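> Quick one, structure for this:
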Amino acid sequence: MKSDSRKRARLRIDERLQALRPIDRFRVPPKGWVRALRDVLGMTGAQLGTRMGIRPQTVDAIEKSEAAGTIQLNTLRRAAEAMDCTLVYALIPNSSLEAAVEIRARKIAIRELQRVAHTMQLEAQGTDNDDFEYRIQTYIRDQLSERDLWSDT
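Numbering: from 1, shown residues only. The predicted model follows:
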């Protein structure tokens, strides 16, 4: 089943990304990584430019674009390589991927079940709140596919 393989894939990625937590360890220095590393290596902008095959003024522009968050990944990779570094690029979820899917499914299920409950109350056919959690889990299992989770309709 596709959802089972996606769940296994989410769990594998969650496990791999766990090593990168807490993410505040990777907060970009105020002037950017290129400038910070260049400075601690004792490398001038002109020297980095020579190693990258660009003018010193372009190094300054690269450092400013990184600090502004507008640098292109290939430019950052070239600068890293010129300083004998490796660019590491990752998207780190704020919670686990599995938790994100579960939270989203639960939110949709509750929204839909509350609509049904409201309609039934209007028709004087109240629903029992005692089994609400069971109905949420049943709705998630029987009604939702993972593709439905991320449509904002």
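> just the strands in the protein please.
Assigned strands in the chain: none (criterion: DSSP state E).
> Give me the domain ranges for it.
Residue ranges for each domain of the chain read 1-17+93-153, 21-82, as given by automatic domain parsing.
> Let me have those domains in CSV, adding mean neighbour count and mean pLDDT as columns.
Yep, even glycine has a C-beta here, placed from its N, CA and C like the rest. Formatted as CSV, those follow (neighbours: other Cβ atoms under 10 Å; pLDDT from 0 to 100):
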stretch, mean neighbour count, mean pLDDT
domain 1-17+93-153, 12, 80
domain 21-82, 15, 95
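> for Thr44, phi and psi?
phi -80, psi 170 (degrees, to the nearest 10).
> residues contacting it?
Arg38, Pro56 (Cβ atoms under 8 Å, 6 or more residues apart in numbering).
> Okay, it and Asp60: tell me how far apart.
Distance of Thr44 to Asp60, given as Cβ to Cβ, to the nearest Å: 11 Å.
> and for those two, which residues touch both?
Contacts common to Thr44 and Asp60, judged by Cβ under 8 Å, 6+ apart, are absent.
> And for the residue lying closest to Leu76 once chain neighbours are set aside, the neighbour number?
Counting by Cβ to Cβ, 6 or more residues apart in numbering, Leu87 is the residue found nearest to Leu76 once chain neighbours are left out, at 5.6 Å. Number of residues near Leu87 (other Cβ atoms under 10 Å) recorded here: 13.
> my guess is Leu87 meets Asn74, correct?
No - the pair Leu87 / Asn74 is not scored as a contact, 9.3 Å apart, by Cβ atoms under 8 Å.
> For Ser145, give me the backbone phi and psi.
Backbone torsions for Ser145, taken as degrees, to the nearest 10, come to phi -110, psi 160.
> Helices of this protein, residue ranges please.
All helices of the chain, identified by DSSP state H, fall at 2-18, 33-41, 45-52, 56-68, 73-82, 97-122, 132-143.
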